[in-house]
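Asks: Below are the sequence and a predicted model for it; my questions follow.
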Amino acid sequence: MRQRMAGLGTVVAIGLGSMAVAAFQAPTPPQPPAPKVVEADKIADTLYVLKGGGGNTAMFLTAAGVVLVDTKLPGWGQPLLDKVKTLTDKPVAMVINTHAHYDHTNGQVEFPASVEVVAHANTKRFMEEANPVYGLQNGPQPNIFKEHGGRGMPSRTFTDKLTLGRGAEQIDLYHFGRAHTGGDTYVVFPALGVMHVGDTFPNRDLPIMDKNNGGSGVDFSATLAKAAAVTGVKTIINGHNPTTMTPADVKTYSAFIGEFVAAVQAAKKAGKTVDDVVATWATPAAYTGFNKPQPARVKANAEVIWGETK
Ligand SMILES: [Zn+2]
């Protein structure tokens with residue numbers, strides 16, 4: 001396996017070399033930007049998952065208009081609105097943000113000022129602060145909301161639980177504590193038995209534990225276990241996974257993170273280093289179908305857990 005990888009590396013290196021030569025001999029004309037394609041998966045007559053351009057967006061139809069959960073990367077607000085228009089005549093009335101990260105919130109600066117934005121109070125603060133995502137971004141980040149005169153900033157916040165609407169249109173927002181960030185919101189559509197969990201469970205890989213935005217490694221597993229225990233939920237919309245999952249998958253993921261945290265803490269107690277963890281940690285065999293974590297992610301998360309462990 002190691003030898004085969006080395007072989008692939010050589011092929012890539014040669015490929016890059018000849019690309020560089022080709023670029024020097026005949027500069028390629030500027031390429032048009034890739035089209036921004038939003039794909040829709042229908043979950044129910046009143047609920048879709050809109051994919052592409054960052055985090056998964058949930059689109060919920062109510063009599064008063066469309067509710068969108070998360071709004072994708074910068075530049076994806078208008079493509080998102082365009083996609084909504086192909087599915088309903090109703091205008092977007094409300095945005096709910098699962099957390100502050102740019103790939104879940106920045107599209108909404110392109111939305112009309114009439115759209116109400118609802119988020120956890122901490123998420124509003126992190127959107128104001130535009131802190132770099134720990135382990136992913138370095139140094140000061142542009143504040144897209146300030147650049148747009150505050151457009152897209154939350155106008156309504158909550159701390160523990162907030163219920164919006166009633167009957168078939170009810171939406172429950174929960175905050176169970178620190179995990180991916182310090183303002184994670186679980187968005188439940190109780191009439192449909194669906195919950196959007198944002199990046200507390202992005203996909204089957206190690207999550208970001210964003211301590212710059214209130215996230216925690218040590219608290220993550222227990223926080224997520226509370227989300228897995230919400231009654232009546234059958235379907236999970238993940239932050240980035242291309243298909244839906246189940247509450248059983250959330251439980252498994254919570255256990256996976258718990259095992260990772262325990263391994264990091266055991267390493268610290270045994271006098272080892274973060275680099276030792278990066279060199280030795282592998283996804284336990286029980287977690288089938290999980291991605292092989294990137295060493296940079298293992299390192300960043302181990303650093304967060306290290307700092308939280310006495
Ligand atoms: Zn995120």
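Replies: Cool, the structure landed.

Asks: got the residue ranges for the helices in the stretch 201-310 of the chain?
Replies: 220-228, 247-269, 274-280, 295-308 (DSSP state H, counting those that start in this stretch).

Asks: who wins for proximity to residue 95 among the ones you listed?
Replies: helix 220-228 (20.7 Å; C-beta to C-beta). Every C-beta, even on glycine, is put in place using the N, C-alpha and C of the backbone.

Asks: Could you list the contact residues of this structure toward the ion?
Replies: Within the chain, the positions near the ion by C-beta under 5 Å from the ion are 101, 199.

Asks: make it 6 Å
Replies: Listed as neighbours of the ion in the chain under the rule C-beta under 6 Å from the ion: 99, 101, 104, 180, 199, 208.

Asks: Centre-most residue in the chain?
Replies: By C-alpha atoms, centre = their mean, the mean C-alpha position of the chain lies nearest to residue 199, the distance being 3.3 Å.

Asks: Next one, pLDDT for that residue please.
Replies: At residue 199, the model reports a pLDDT of 98.

Asks: same question, residue 139
Replies: For residue 139, pLDDT reads 89.

Asks: quick revisit: surely the residue nearest to the centre of the chain is in contact with residue 241?
Replies: No. Using C-beta atoms under 8 Å as the test, residue 199 is too far from residue 241 to be in contact (10.6 Å).

Asks: quick one, what contacts the residue in the stretch 1-150 of the chain positioned nearest to the ion?
Replies: As assessed by C-beta to the ion, the ion sits closest to residue 101 within the stretch 1-150 of the chain, at 3.5 Å. By C-beta atoms under 8 Å, 6 or more residues apart in numbering, the residues touching residue 101 are 55, 133, 181, 199, 210, 213.

Asks: Just give me the neighbour total for residue 169.
Replies: Look at residue 169: counted by other C-beta atoms under 10 Å, it has 16 neighbours.

Asks: again with residue 173
Replies: Counted with other C-beta under 10 Å, residue 173 comes out at 20.

Asks: for residue 219, same thing?
Replies: By the criterion of other C-beta under 10 Å, residue 219 has 17 neighbours.

Asks: Pull the contacting residues for it.
Replies: 177, 178, 179.

Asks: would residue 42 count as being in a strand?
Replies: Yes. The assignment for residue 42 (DSSP: H, G, I helix; E, B strand; the rest coil) places it in a strand.

Asks: Nearest spatial neighbour of it, chain-adjacent residues omitted?
Replies: In this structure, residue 42 finds its nearest non-sequential neighbour in residue 48, 5.5 Å apart by C-beta to C-beta, 6 or more residues apart in numbering.

Asks: didn't that neighbour look like it was pressed against residue 87?
Replies: Yes. With contact defined as C-beta under 8 Å, residue 48 reaches residue 87; the gap is 6.3 Å.

Asks: Identify the contacts common to these two.
Replies: Counting by C-beta under 8 Å, 6+ apart, the shared contacts of residue 48 and residue 87 are 40, 59.

Asks: Who has more neighbours out of those two?
Replies: residue 48 (23 against 14).

Asks: Neighbouring strands - and their directions - for the helix or strand in which the more buried one is found?
Replies: Assessed by DSSP states H and E, residue 48 sits inside strand 47-51. Here strand 47-51 is paired, per DSSP bridges, with strand 39-44 (antiparallel), strand 57-62 (antiparallel).

Asks: out of the helices of the stretch 201-310 of the chain, deepest packed?
Replies: Compared across the helices of the stretch 201-310 of the chain, helix 220-228 shows the largest average neighbour count, a mean of 21 (mean count of other C-beta atoms under 10 Å).
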